[in-house]
Structure formats: C-alpha cells, structure tokens
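*Asks:* generate coordinates for the sequence data below:
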Amino acid sequence: MSRIGNNPIEIPEGVEINVQGSHVSVKGPKGTLERDINENLIVTIEDKKVTVKRPNDETEMKSLHGLTRTLIANMIIGVKEEFTKELQVNGVGYRVQKQGNDLNLVLGYSHNIVYKAPQGISFDVPNPNTIIVKGIDKELVGQTAAEIRTKRLPEVYGGKGIKYSYEVIRRKEGKTGKK
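*Replies:* Residues are numbered from 1 along each chain as shown. This next block holds a predicted model:
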C-alpha cells in the first residue's frame, strides 16, 4: 500500500489540469507544465482532486505510483507558486552580478564566468553574495542551482565557494607545523 500514491491532490483555484492518456498538462497563473507519465498508471480528476491509481502490485508499479503522484503535485505547486533555491557565495573578492537574464560570477579564477539562464528560470541577486534561482519546474530549479554550485564548490579549509543557504560546511583545521 502506497501512502503517498494513495493521497489525492487538491486542485487550487486558477489551476487547470488536462490528462490525455499518459500525458499530463497543468496550467496556472505562473505558466504551463507538461509531462509524460507511465502509460500503465491511471490518473483521474474528480471533484477538484487528482488521484493516481496503479493497475497491479508489482514492484515497479508500486515505486512509480508514489513518484507519479509527487511529480503531479509538484507541477500543481509550481504553476500556482514558484520554487526557489538560494545560494550563498563566500570568499574574499567573490561576487555575483546579474546581466540581463544571465549571471556574471567572479569566483577567483583568471576570468569571469557567465552563466546563461535556461528557459523558464530567472535569477534574483539581492546582494553581491546571494543568488536566488526561481522557476515553476522544481526539477529544473534544483538542477540549475546544482550547476551554479559546481562552478566553485565549497571547500572545507578556507570556507570559500558557493553553497546552498541551508548547507553547513564543516570546517577542517589546517596543518599545524609540529616537528
């Protein structure tokens, strides 16, 4: 029995869901998202609620049941609100500037890094050490934030690099010089 997969998803006001076979499209005030799901799963819409049912209790269907329900729920949340990820840039001389839709990253290299925004992603830079990645697709927001983070991973000795705002970098002690 899937606890997550059996939960119905409430459809908020202003959100439209269209299911055609294995194709689900969700339209809301922030935009439209579309996704193909497994053709064996059954998605039904009744009384402003979306339910996902599986045809049998095979292991693959059990795992896809909860996943599909969560993906559809994230699509609904994304078109109603926006997903965000916040990144912090730490280091002497490290800073971020917004250039149009792109980011100009100064991360201690001999050159600046220009990161182009993917389709459906917007950046907000409230100060030179903070990047906020926004978008309606949760998967794309997380992937974009991870790609920006890889431009200068946080290092444990100096504490420099790009990290998530909730991330805690455990600092290591350097060499002591004992003989």
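*Asks:* where does the most centrally placed residue in the chain fall, helix, sheet strand or coil?
*Replies:* Most central in the chain under C-alpha atoms, centre = their mean is residue 142, positioned 2.9 Å from the mean C-alpha point. Of the three states, residue 142 takes helix according to DSSP: H, G, I helix; E, B strand; the rest coil.
*Asks:* how about the contacts made by it?
*Replies:* By C-beta atoms under 8 Å, 6 or more residues apart in numbering, residue 142 lies in contact with residue 85. Quick note: C-beta positions are derived from backbone N, CA and C, even for glycine.
*Asks:* measure it to residue 33 for me?
*Replies:* Shown here: residue 142 relative to residue 33, a distance of 15 Å by C-beta to C-beta, to the nearest Å.
*Asks:* residue 28: neighbouring residues, count only.
*Replies:* Here the neighbour count serves as a burial measure; for residue 28 (other C-beta atoms under 10 Å) it reads 22.
*Asks:* just the C-alphas of stretch 35-49, formatted as CSV.
*Replies:* Written as CSV, here are the backbone C-alpha positions of stretch 35-49 (Å, rounded to 0.1, in the frame of the first residue of the first chain):
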residue,chain,number,x,y,z
ARG,A,35,4.9,15.7,-18.5
ASP,A,36,4.5,12.2,-19.9
ILE,A,37,3.9,9.6,-17.2
ASN,A,38,3.9,5.8,-17.4
GLU,A,39,1.1,4.6,-19.6
ASN,A,40,0.1,1.8,-17.1
LEU,A,41,-0.8,4.3,-14.3
ILE,A,42,-4.3,5.7,-14.3
VAL,A,43,-4.8,9.5,-13.5
THR,A,44,-8.3,10.6,-12.8
ILE,A,45,-9.8,14.0,-11.9
GLU,A,46,-12.9,14.1,-9.7
ASP,A,47,-14.4,16.9,-7.5
LYS,A,48,-11.3,19.2,-7.8
LYS,A,49,-9.0,16.3,-6.8
